[in-house]
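Trainee: Next input, structure requested:
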Amino acid sequence: MALSDHLRELRARLIRSALFLVLAFIVALFFYDRLLDLVLVPYNDALEQLGQSVKSQVYVASVTGPLLLQLKLCGIAAIVASSPYWLYQIWAFIVPGLHPREKKWSRVFAAVAGPLFIAGVAVGYYVLPKGISVLISFTPANTQNLVEFGEFFSFITRMLLVFGISFEIPLFVIMLNLAGVVSGKQIAKYRPWIVIGTFVFAAVATPSTDPFSMLFLAIPMLVLFLIAEVIARTADRTRGRRKDSKDQWADDEASPL
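Mentor: Residues are numbered from 1 along each chain as shown. Below is the predicted model:
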C-alpha cells in the first residue's frame, strides 16, 4: 500500500482501540467497588498478619482525591481489560510486513509472553501482603501508620509490573538467541553470574526484607532461565545442522562438478 493508505489504516485502528478503551472504562465504573476491594486485599491481609502490634489506616488526601482515585483505578482496569483488543490491533497492523517465518515466531512469542506476564503478576500479588506487613512493621511504637491511597496504589502497580516484566526476561533471552546475538554456550558460560544477578535483582525488586519473597521471584526466574538455555542450545544445534547441510564447501574452495 501507499504511505497514505498505511496512515489511514493506522488511524482507523487507533480510533477503534480508543473507542474500545472508553467502553471498557465505562464498564469498569460499574465495578469500582469490587476493584477497590481487590486493590485493598493485600493491605488488609498485611494488617491481619500484624495483628494489633501496629495501627495503620488508609486515607484519601484532598477534596478531589476520591474522584481522581476512581478515574485512575478504572482507567488502569480498562487498559488491562482491553489489552487483548488493542494488542491485536497493533499486531494486525504490523503482521502484513513480516515474512512467513517471522510471522510464525511472532505468534509463538505472543502466545508465550501473555501467560508469562500474568504468572508474574499473580506471584507478585501473592507476595505483596507479606512485603507490606514487613514494611509497615517498621512503624515506631506509639505512632500510627497512615497510608495515602494514591501512593499505595502506585506502589502496588509498580510491584506487579516488576514481577510481570521479570518473568518476560527469559523470553527476551530466547529472542536474542534466535537473532544471533547470544548463543547457548554463552548463556551456560555466564550461568553462575546469572544466578547471582537473579537473586540480587529479586532482593532489590521485592518490597520486603524476608528471604521468602525473594525466593518467590528468584526461583521461577531461574527455572525460566534454565528453560531458555535449553531452548537456545537446541536452536544453536538446529542452525548448525542446517549450516553444515547447506555450506559444505568453504567460500574459496571449488566443489566438484
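Trainee: F149 contacts V60, correct?
Mentor: Yes. With contacts counted by C-beta atoms under 8 Å, F149 reaches V60, the gap being 5.1 Å. Just so you know, the C-beta spots here come from the backbone N, C-alpha and C atoms, and that holds for glycine as well.
Trainee: Settle it for me: which of those two has more neighbours?
Mentor: Taking other C-beta atoms under 10 Å, F149 and V60 do not tie; F149 has more neighbours (20 against 14).
Trainee: how close does that one get to L29?
Mentor: Separation of F149 from L29 (C-beta to C-beta, to the nearest Å): 18 Å.
Trainee: next one: W86
Mentor: 19 Å.
Trainee: Next up, the contacts around R16.
Mentor: Applying C-beta atoms under 8 Å, 6 or more residues apart in numbering to R16 gives the contacts Q89.
Trainee: 6 Å - rerun?
Mentor: By C-beta atoms under 6 Å, 6 or more residues apart in numbering, the contact set of R16 is empty.
Trainee: Distance of it relative to A92?
Mentor: Distance from R16 to A92, by C-beta to C-beta: 10 Å.
Trainee: One more: V230?
Mentor: Going from V230 to A92 by C-beta to C-beta gives 33 Å.
Trainee: what does L176 give?
Mentor: From L176 to A92 the distance is 26 Å (C-beta to C-beta).
Trainee: More neighbours: which of the two?
Mentor: L176 (16 against 11).
Trainee: Chain neighbours aside, what residue packs nearest to the more buried one?
Mentor: Computed as C-beta to C-beta, 6 or more residues apart in numbering, the closest residue to L176 that is not its neighbour in sequence is V182, at 4.4 Å.
Trainee: A helix includes that neighbour, no?
Mentor: No. Counting by DSSP: H, G, I helix; E, B strand; the rest coil, V182 is not part of a helix but coil.
Trainee: neighbours around it, how many?
Mentor: The burial count for V182: 19, using other C-beta under 10 Å.
Trainee: pLDDT score for it?
Mentor: At V182, the model reports a pLDDT of 77.
Trainee: in terms of contact, does it touch I174 like I think?
Mentor: No. The pair V182 / I174 is not scored as a contact, 9.1 Å apart, by C-beta atoms under 6 Å.
Trainee: can you count the residues close to F93?
Mentor: Neighbours around F93, by other C-beta under 10 Å: 15.
Trainee: any idea how far R101 lies from L3?
Mentor: Per C-beta to C-beta, R101 is found 26 Å from L3.
Trainee: same thing with F172?
Mentor: Using C-beta to C-beta, F172 is found at 31 Å from L3.
Trainee: Out of the helices and strands in the chain, which is least certain?
Mentor: Using mean pLDDT, DSSP states H and E, the weakest-scoring helix or strand in the chain turns out to be helix 211-246, at a mean of 74.
Trainee: which of the residues in that helix are buried?
Mentor: Applying a neighbour-count criterion of 16 or more other C-beta atoms under 10 Å, one finds 213-214, 216-218, 220-222, 224-225, 228-229, 231-233, 235-236 buried in helix 211-246.
Trainee: What segments of the stretch 51-200 of the chain are strands?
Mentor: Applying DSSP state E, counting those that start in this stretch to the stretch 51-200 of the chain gives strands spanning 55-59, 144-148.
Trainee: Dump these to a markdown table, plus mean pLDDT and mean neighbour count.
Mentor: Formatted as a markdown table, these follow (pLDDT from 0 to 100; neighbours: other C-beta atoms under 10 Å):
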| stretch | mean pLDDT | mean neighbour count |
| --- | --- | --- |
| strand 55-59 | 83 | 13 |
| strand 144-148 | 84 | 13 |
